[in-house]
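Chemist: Sharing a sequence plus its predicted fold:
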Amino acid sequence: ETGVTQSPTHLIKTRGQQVTLRCSSQSGHNTVSWYQQALGQGPQFIFQYYREEENGRGNFPPRFSGLQFPNYSSELNVNALELDDSALYLCASGPSLGVGNTIYFGEGSWLTVV
Amino acid sequence: GESVGLHLPTLSVQEGDNSIINCAYSNSASDYFIWYKQESGKGPQFIIDIRSNMDKRQGQRVTVLLNKTVKHLSLQIAATQPGDSAVYFCAENGGATNKLIFGTGTLLAVQP
């Protein structure tokens, strides 16, 4: 158990809809990052939040957005869903910014877009 | 651009043998590397990490080796067990954010 919890575990959405995924970080961790993992691929960095502000973003369009709350939990929102958005979405938390901090992942949310 | 890749997509070993999973990285400025294990339907699980100022680090049954000259990373698993069957990813972490750059993974299959 990493202490990182995600919800929902599985969901199915229709193309064009919007989805919100949630994450509770490990106790004491103030950074949260989100990754997209397509089937058979390694996780791809979407963005990171530190103290409620976005701090680093990968190559994802603006329809991928997020929030971090004062208790360091986080949401990932995806608008105008496309079929290619079908993937496992992983949340990861770390104790602070900077190189060398162990980053722990949750079990992920499986999103299927039909 | 930056990339972290693996030499072998699939590795099949006999139970009790030692396993070696290899990884190449392209960014010579990277200074922190992590190995994750991902079982089917689960999130990546931290195994072991290494900073660039080290060339070897040992954990319980696992050893990570770093060769900065050829930008190569390896994970050695001693006395491989059926529970070690999973996909293994190396990841690179550098810079001010905690951004991890993953390779595509190696599937380790342990034969009884």
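Modeler: Okay, I see it.
Chemist: what residues are up against residue B:111?
Modeler: B:12-15 (Cβ atoms under 8 Å, 6 or more residues apart in numbering or on different chains). C-beta coordinates here come from the backbone N, C-alpha and C atoms, glycine included.
Chemist: Bridged to it, which residues?
Modeler: Per DSSP bridges, the residues bridged to residue B:111 are residue B:14.
Chemist: Find me the pLDDT at it, would you?
Modeler: We have a pLDDT of 93 for residue B:111.
Chemist: That one and residue B:80: what is the separation?
Modeler: For residue B:111, the distance to residue B:80 (Cβ to Cβ, to the nearest Å) stands at 9 Å.
Chemist: which residues are common contacts for these two?
Modeler: Shared contacts of residue B:111 and residue B:80 (Cβ under 8 Å, 6+ apart): B:13-15.
Chemist: ok, and the most crowded of those residues?
Modeler: Sorting the shared contacts of residue B:111 and residue B:80 by how many neighbours each has (other Cβ atoms under 10 Å in any protein chain shown) puts residue B:13 first, at 17 neighbours.
Chemist: Can you tell me which of the contacts of residue B:111 is closest to residue A:15?
Modeler: residue B:12 (39.1 Å; Cβ to Cβ).
Chemist: Spatially, and excluding backbone neighbours, which residue is closest to that closest one.
Modeler: Leaving aside its chain neighbours, residue B:12 sits nearest to residue B:109 (4.6 Å; criterion: Cβ to Cβ, 6 or more residues apart in numbering or on different chains).
Chemist: And residue A:22, by the same measure?
Modeler: residue A:7 (5.0 Å).
Chemist: so how many other residues sit close to that neighbour?
Modeler: Counted with other Cβ under 10 Å, residues neighbouring residue A:7 total 13.
Chemist: Torsion angles phi and psi at it?
Modeler: Main-chain torsions, residue A:7, degrees, to the nearest 10: phi -150, psi 150.
Chemist: again, but for the one 5 residues further on
Modeler: When quoted as degrees, to the nearest 10, the phi and psi of residue A:12 stand at phi -120, psi 130.
Chemist: hang on, the earlier thing: could I get the helix or strand containing the residue nearest to residue B:12 in PDB with only the CA atoms?
Modeler: Assigned by DSSP states H and E, residue B:109 falls within strand B:106-111. Coordinates of the C-alpha atoms in strand B:106-111 are reproduced here as PDB (Å, rounded to 0.1, in the frame of the first residue of the first chain):
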ATOM      1  CA  THR B 106      10.000  -5.200 -19.900                       C
ATOM      2  CA  LEU B 107       7.700  -8.100 -19.200                       C
ATOM      3  CA  LEU B 108       9.400 -10.500 -16.800                       C
ATOM      4  CA  ALA B 109       7.900 -14.000 -17.000                       C
ATOM      5  CA  VAL B 110       9.000 -16.500 -14.400                       C
ATOM      6  CA  GLN B 111       8.700 -20.100 -15.300                       C
END
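Chemist: just to revisit the earlier point, count the residues that sit near the residue nearest to residue B:12.
Modeler: Count around residue B:109 with other Cβ under 10 Å applied: 13.
Chemist: Chain A: helices as residue ranges?
Modeler: With DSSP state H, there are no helices along chain A.
Chemist: That one against chain B: which residues are in contact?
Modeler: Counting by Cβ under 8 Å from any Cβ of the partner chain, chain A comes close to chain B at A:2, A:4, A:31, A:33, A:35, A:40-45, A:48, A:55-56, A:58, A:90, A:92, A:94, A:97-108.
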